[in-house]
Every structure is written in C-alpha cells, then in structure tokens.
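Undergrad: Quick check, what structure comes out for this input:
(2 chains)
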Protein chains: 2
Amino acid sequence: MATPLQIGLMVFPQVTQLDLTGPLQVFSSVPGAEVHLIWKNMEPVPSDSVLAMTPTVTFADCPQLDVICVPGGYGTDGLLGDDEVLGFLRKQAEGARYITSVCTGSLVLGAAGLLKGYRATTHWSAVEALPLFGATLSRERVCIDRNRITGGGVTAGIDFALTLVATLVDRATAEMVQLRLEYNPAPPFDAGSPDTAPAEVLAAMSERIAPFRARRMEAVRQAAARMS
Amino acid sequence: MATPLQIGLMVFPQVTQLDLTGPLQVFSSVPGAEVHLIWKNMEPVPSDSVLAMTPTVTFADCPQLDVICVPGGYGTDGLLGDDEVLGFLRKQAEGARYITSVCTGSLVLGAAGLLKGYRATTHWSAVEALPLFGATLSRERVCIDRNRITGGGVTAGIDFALTLVATLVDRATAEMVQLRLEYNPAPPFDAGSPDTAPAEVLAAMSERIAPFRARRMEAVRQAAARMS
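TA: Residues are numbered from 1 along each chain as shown, chains lettered A, B, ... in the order given. Reported below is the predicted structural model:
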C-alpha cells in the first residue's frame, strides 16, 4: 500500500479559522490523505472566532509532509519573527512536494525566505508586503509558481485546495470533492474584491482595518530587515 | 447600548465542519454579534475531519437566540431521533427571529417539526428526504420562506450566511464581510452540482455515498413516522 499523502496545516493563535477550515474540508475529502494540524504544542489554540483549534501534532513530532500549508489571519504578525515557526517551515520545505499558503499565510512563508524569487499572492489588504520578502506579487486568486502555491484572502483557500488536489491526485478526484461540497458558489452580492466592491464599502472596510494593516507592515519590515 | 445579536450554531459528533465554519466566519465578522457553539455538554466534539470542535455553551445555559442554525453532515442521522436535540430546537424556535440550517441540518429542523408547510433546501444527495417532514423541496442554493432560511450543501453555508447578515443587519454590512473574506469565488472546475458535474464524476460519487444515503433515508423514515 502506498504511503498516504501527508498534508499539514499550521494552526496558531488568531488564525482566521476559515483560511484553515476551507482547505481542511477539501483535503479531508481526498481518499487516503492524512491531514495534520500542527503547532508548537498540543494545547487548544484560540482562533479569530469562538472556535478553538486543537493541534493533532507538534512541530517536533510532525512527519515529513508532502504539503505544508500556512493559513493567514491577524496572528501571522506574531509569526513573522518567530524562529521556531520559521525554522520548522524551512526544515519541512526541504522535503515537501508543495509549499503553500492561504491569505496572509504567504507573509510567513516570505519571512522564512521561502518565496524569494517566486510569484505569490495574499489577502488584498496585504499586497504591498510580499515584495519586501523578495516575492513578485501576483493578483491571481490561486498562484502557482513551481512548487509554491499561494491562495488569496480567506475563501480563496477553497479554490486553492481544489487546485492542489487536482495536481496532487487528479482532476476527477478534485471534481468529486467539489461535488460533495456542493461548491457551486452564488455570492448574493458582488463585493468580494476591492475591484468590485462598492466604493463606500471599500472605504469603510479600509478605514476599519487601517490600524491592523499598519501594525502588519511594521512586523513585515522588521522581518524583512532580519532576512538581509 | 443594544443587546448584541445572539447567533447560535449547533455542534455535534460527525458534523461536516465547513457547514459550520463557513457561516461562523461570516457571523463572527459582524460587529456586535455574539456567536455561540452549542451542544449538550462542553466536551470537545469530533467533526468529520481531524478538527475537534469545543462548544461554548450547553443547551441548558444557552440564551434565547435571534438565530439558531443547524449545520449538516453524517452526524445528523443520529440527531433525527434525539429528543434532547429536537426539544432544544423547538424551544429556541418559539423565540428566535430566524430558524436556519446548512446542508442536511434542514433534516434535523424537519424532524423537530419546524419545516412543516415551509419551502426548504438541503444537500443535493438528500433532496428526497425533506418532503417526508412536510416541507416543500426547493433547489435554490439559499431558500427563504418567512423566517426559515435553509442553505444547500456545505459551501452554500457561506452564501446563506451573507444573505442572512444582509437581512439581520443591512446589505452594506454583508458586503463588508464579503470583502473582508475576499469572497470572490473562482472554482477551478465546474463540478459543484449534480447538474454540472461530469457524468462519470457524479456516478462515482453517487456510488461512494450510496450506503450513507440509504442509512440516512432509514433514519429519516423513522423520524417522520414518529412525527405523525
């Protein structure tokens, strides 16, 4: 019997839970995949909502993964200068087939030096950060550059994960997962991107997130300075 | 200050976690909403994936909710004859503004007698079950009939939740949440519905889920017989 596909998603405090749970649902629907939730220890980790997420394996005990995936969220700020996290990612990246992220998880890959010279994407509110890590910004919803696959903000994780399953296994398997998850989206409004959202909605959201965005860019600058 | 909106999502063993975590992400992004994960006790509940879900409140301690939402999954079979679950839903339904579900969660509402005379929807693989509870089947992705709002399978929960936020609060708030979650979906394939999936993909998935579907219909028939 073939060794099961080893897919690992990093959990961390203040992760945007849907960044993780969207891909988790897709990966868990792949026959024969073994999915891990990885963190420093096994204690439940608070997400950005009332849902706590309990890791299934520690960095120390994690097997070599075929796919490592870092989701995003406000908590990524705290990971950009965390040597334990960055060291774990660099070590896994040596043997992984795919090094991936959703949303601002790509900034953590960037801080680990894993996107230098690669095209990559991120949440729309963080696009100015990626070039500081030597990456070339892509505005695709799912960006594939060699074995780096990065997804855009939050819900892009579902599109990312289906794309990855088609690559890892085959297209029919990805389509079966899509059918099972009835992923036939019909957003009630057309506000899912800064390019399509009504101007006043974009302005109100930009104002609300401005302090978080400023704090993130400060963390990114510090992390980028440490790399050089 | 206004009392916060009280929104409750039921957790239960073998819940399809994305049925719950999609709406959870949307509801948690609404300023002033208080979101609860509800179950019989406070122990972590195993989902359909490696993610365990820890309730935040018990049935006994749950406040009167403005919105009660039942997600779906294979675990709904076990709820259809569970008087503690059905009694909790009936009691909450007396005071709730909206009685809602995602995926096969609508079967649980049905078993509680809460969909009799209402139009409702569910996962594509369970459409034959709803009429047994006196509901009229809708094939809409999000079905609104008076204060019953039901979503289709799994990922429909995101469309459902954005629709509900526009109703509960206002459209601009729903659009801000959509923008924050970058919900601008771009499925890599067109296989998200039995109407669009390639015939061989639908056939393979139908064969794989046949035993689960048969078991579900048996549970539905028993629950429907208890109602009459």
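
Undergrad: can I assume residue A:65 sits in a helix?
TA: No: per DSSP: H, G, I helix; E, B strand; the rest coil, residue A:65 lies outside any helix segment and is coil.

Undergrad: quick one, phi psi at the closest residue to residue A:76 other than its chain neighbours?
TA: In space, and not counting its chain neighbours, residue A:76 is closest to residue A:104: 4.6 Å by C-beta to C-beta, 6 or more residues apart in numbering or on different chains. Every C-beta, even on glycine, is put in place using the N, C-alpha and C of the backbone. In terms of degrees, to the nearest 10, the main-chain angles of residue A:104 are phi -80, psi 10.

Undergrad: Which residues are in contact with residue A:104?
TA: Residue A:104 is in contact with A:72-73, A:76, A:122-123, A:126, A:129, A:216, counting by C-beta atoms under 8 Å, 6 or more residues apart in numbering or on different chains.

Undergrad: Looking at the residues you listed, which one is closest to chain B?
TA: Distance to chain B across the contacts of residue A:104 (C-beta to the nearest C-beta) is lowest for residue A:123, with 6.2 Å.

Undergrad: Burial check on that closest one, number of neighbours?
TA: If you count neighbours by other C-beta atoms under 10 Å in any protein chain shown, residue A:123 ends up with 28.

Undergrad: And it, its phi and psi?
TA: Main-chain dihedrals, residue A:123, degrees, to the nearest 10: phi -60, psi 150.

Undergrad: pretty sure it is touching residue A:152, no?
TA: Yes: Residue A:123 lies in contact with residue A:152 (C-beta atoms under 8 Å); the separation is 6.6 Å.

Undergrad: Which stretches in chain A count as strands?
TA: With strands called from DSSP state E, chain A shows them at A:5-10, A:33-39, A:45-46, A:52-53, A:57-58, A:67-70, A:98-102, A:119-120, A:136-137, A:142-145, A:148-151.

Undergrad: Is it possible to get those strands out as JSON lines so that each row also shows mean pLDDT?
TA: Formatted as JSON lines, the strands of chain A follow (pLDDT from 0 to 100):
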{"stretch": "strand A:5-10", "mean pLDDT": "97"}
{"stretch": "strand A:33-39", "mean pLDDT": "97"}
{"stretch": "strand A:45-46", "mean pLDDT": "97"}
{"stretch": "strand A:52-53", "mean pLDDT": "96"}
{"stretch": "strand A:57-58", "mean pLDDT": "98"}
{"stretch": "strand A:67-70", "mean pLDDT": "98"}
{"stretch": "strand A:98-102", "mean pLDDT": "98"}
{"stretch": "strand A:119-120", "mean pLDDT": "98"}
{"stretch": "strand A:136-137", "mean pLDDT": "98"}
{"stretch": "strand A:142-145", "mean pLDDT": "98"}
{"stretch": "strand A:148-151", "mean pLDDT": "98"}
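
Undergrad: so which of these comes closest to residue B:13?
TA: For the strands of chain A, proximity to residue B:13 was assessed by C-beta to C-beta; strand A:52-53 is nearest, at 17.2 Å.

Undergrad: what residues are shared contacts of residue A:123 and residue A:152?
TA: Contacts common to residue A:123 and residue A:152, judged by C-beta under 8 Å, 6+ apart, are A:103, B:182.

Undergrad: and residue A:160, how many neighbours does it have?
TA: 29.

Undergrad: mind listing what the spatially closest residue to it that is not a sequence neighbour touches?
TA: Using C-beta to C-beta, 6+ apart and skipping residues adjacent in sequence, the residue nearest residue A:160 is residue A:151, 3.2 Å away. By C-beta under 8 Å, 6+ apart, the contact set of residue A:151 is A:100-103, A:121, A:141-143, A:157, A:159-161.

Undergrad: Most neighbours among those, which one is it?
TA: residue A:102 leads the contacts of residue A:151 on contacts (other C-beta under 10 Å) with 36 neighbours.

Undergrad: pLDDT score assigned to the closest residue to that one other than its chain neighbours?
TA: Once flanking residues are discounted, residue A:102 sits nearest to residue A:157: 3.9 Å by C-beta to C-beta, 6+ apart. pLDDT, residue A:157: 98.

Undergrad: what sits against residue A:157?
TA: A:18-20, A:22-23, A:71, A:102-103, A:151.

Undergrad: possible to save the residues you listed as JSON lines with distance to residue A:30?
TA: Output for these, formatted as JSON lines (distance: C-beta to C-beta, whole Å):
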{"residue": "A:18", "distance to residue A:30": "19"}
{"residue": "A:19", "distance to residue A:30": "19"}
{"residue": "A:20", "distance to residue A:30": "16"}
{"residue": "A:22", "distance to residue A:30": "14"}
{"residue": "A:23", "distance to residue A:30": "11"}
{"residue": "A:71", "distance to residue A:30": "18"}
{"residue": "A:102", "distance to residue A:30": "17"}
{"residue": "A:103", "distance to residue A:30": "21"}
{"residue": "A:151", "distance to residue A:30": "17"}
